[in-house]
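# when you get a sec, could you give me coordinates for this:
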Amino acid sequence: MWDERRQKERRQEGVKYRLNAIQQHANMEEYELQKKRYEEYKTANS
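Numbers count the residues shown, from 1 in each chain. This is a model prediction of the structure:
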């Protein structure tokens, strides 16, 4: 009984960690995209 609960909690921790990693990866890609757009914008308007 107690072991089951601990396993479930550990699974939830794993899921939370994975979601966090996915979110960070998405944020990084978004940031790179914005940076690229800004660079293009700068060169086009200089």
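
# for residue 46, grab the count of nearby residues.
By other Cβ atoms under 10 Å, 5 other residues sit near residue 46. C-beta here means a position set from N, CA and C on the backbone, and glycine is covered the same way.

# what sits against residue 45?
Under the criterion of Cβ atoms under 8 Å, 6 or more residues apart in numbering, residue 45 has no neighbours.

# can you tell me how far it sits from residue 33?
In this view, residue 45 and residue 33 are 18 Å apart by Cβ to Cβ, to the nearest Å.

# quick one: the helices in the protein?
Using DSSP state H, the helices assigned to the chain run over residues 2-44.

# give the residue spans of it that score low on pLDDT.
1 (pLDDT under 70).

# try 90
Counting by pLDDT under 90, the chain has low-confidence residues at 1-2, 46.

# for residue 18, the count of nearby residues, please.
Applying other Cβ under 10 Å, we find 10 residues neighbouring residue 18.
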